[in-house]
Structures are given as structure tokens and as C-alpha cells.
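In: Have a look; sequence and predicted model below, questions after that.
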Amino acid sequence: MKSTLMITAMLAFTLAATVRAQAEENAEDFMQMHQIEITFHEAGTTKNLDLMLSLFADDATLTSGGKTYTGKEQIKLYWQSAGTFQAQNQWVAYTPAFRIKYQVQGGRARLYFECLYVDKAAKKIAAHTNSDDTLIRVNGRWLIKDMKAALVPEL
């Protein structure tokens, strides 16, 4: 009886430690993925193309408007023509907290967030888009492997 109780207690302890470790890992993953979203919007708001490209794996793809861009050079061309990077546009980009979702499965993850681009001069929303991304973990850092960007029809 005593050994059964001891084994049960050890199993309970092991299960609790495993759940705690998974929760901590998920919190760390969430923070890293949230940082991708923050950096994404910082890059767009400040028109920092190098910062934007730092979020992508070297062999990443970006699909938008029915066209796919492969590799950082093509992705760079996409961002150079994007509204947020145009000199005449003074847009501030952000994601409402409830519009971000993520799911981790080992060294791969899915990150979804919506972007509201606010035109500072016009004081209105200039664009509302989403980014549906597949991420990979490279040397402990999450990078965008595949981005699907699209317009969101309404708030």
C-alpha cells in the first residue's frame, strides 16, 4: 500500500512538473512570437526594411495578391513596393491584442495576426491586413518560413 501511494505521488509530481514545463515553454514561445509581431510593426512604421527582412528565414516565401515571392531578395522587392514602406505614407502599424493567435508544434509554429495601419495625417485606418505565418525555429529563434498576407474586408 505504501509503495502504491509512493508511486502515485511520484507520477503526480512528474505530471505536474511536465505540465509546468510545457506552460513555461508556451509562455516563452508566445513572447518570442509576440516579439515577431511587434518587430513587424516597428519595421513597417519606421520603414526599416532590414529589420523587416530579419524576421524571415533565408528561403522564406511570402504570398500576397495571388503572387508568391521566394527568398529574401524577392521578399525585399515585395516590401519595397508595399504601402507601409512608401515615403509619402505616414502609417503607424499595430495589432489589437485579441487579433493575435499562435500554435507551436515542436520546431514549427503558426502565427496569425492582423495589422491596422493608421494614417497619421488623415487620422484614419489606411489599411487592415492579416499575416498568416508558418514559423520555424532556427538556432533557438523563431523565423517566418511562409507568410500569407491578405486584406481583411472589415474590422
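Out: Cool, the structure landed.

In: Just the residues contacting the longest strand along the chain, thanks.
Out: For the chain, the strand with the greatest residue count under DSSP state E is strand 124-138. Residues outside strand 124-138 that contact it (Cβ atoms under 8 Å, 6 or more residues apart in numbering) are 33, 36, 40, 57, 83-84, 89, 91, 107-119, 142-152, 154-155. In this view, the C-beta of every residue, glycine as well, is placed from N, C-alpha and C.

In: What ranges in this structure fall below the confidence cut-off?
Out: 1-25, 155 (pLDDT under 70).

In: Helices along this protein, start to end?
Out: Assigned by DSSP state H, the helices in the chain fall at 2-46, 49-53, 71-81.

In: Alpha carbons of the shortest one, in CSV - could you do that?
Out: This file holds the C-alpha atoms of helix 49-53, laid out as CSV (Å, rounded to 0.1, in the frame of the first residue of the first chain):
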residue,chain,number,x,y,z
LEU,A,49,13.4,47.3,-44.5
ASP,A,50,16.4,45.5,-42.9
LEU,A,51,14.5,45.0,-39.7
MET,A,52,11.5,43.6,-41.6
LEU,A,53,13.8,41.1,-43.5
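
In: ok now that helix, how far from the chain's centre?
Out: 14 Å (Cα atoms, centre = their mean, to the nearest Å).

In: what's the offset of stretch 123-137 from the middle of its chain?
Out: 9 Å.

In: in it, what's buried?
Out: Judged by neighbour count (16 or more other Cβ atoms under 10 Å), stretch 123-137 contains these buried residues: 126-127, 129-137.

In: could you redo those as TSV and give each row distance to residue 64?
Out: Formatted as TSV, the buried residues of stretch 123-137 follow (distance: Cβ to Cβ, whole Å):
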residue	distance to residue 64
126	16
127	12
129	9
130	11
131	10
132	11
133	12
134	15
135	18
136	20
137	24
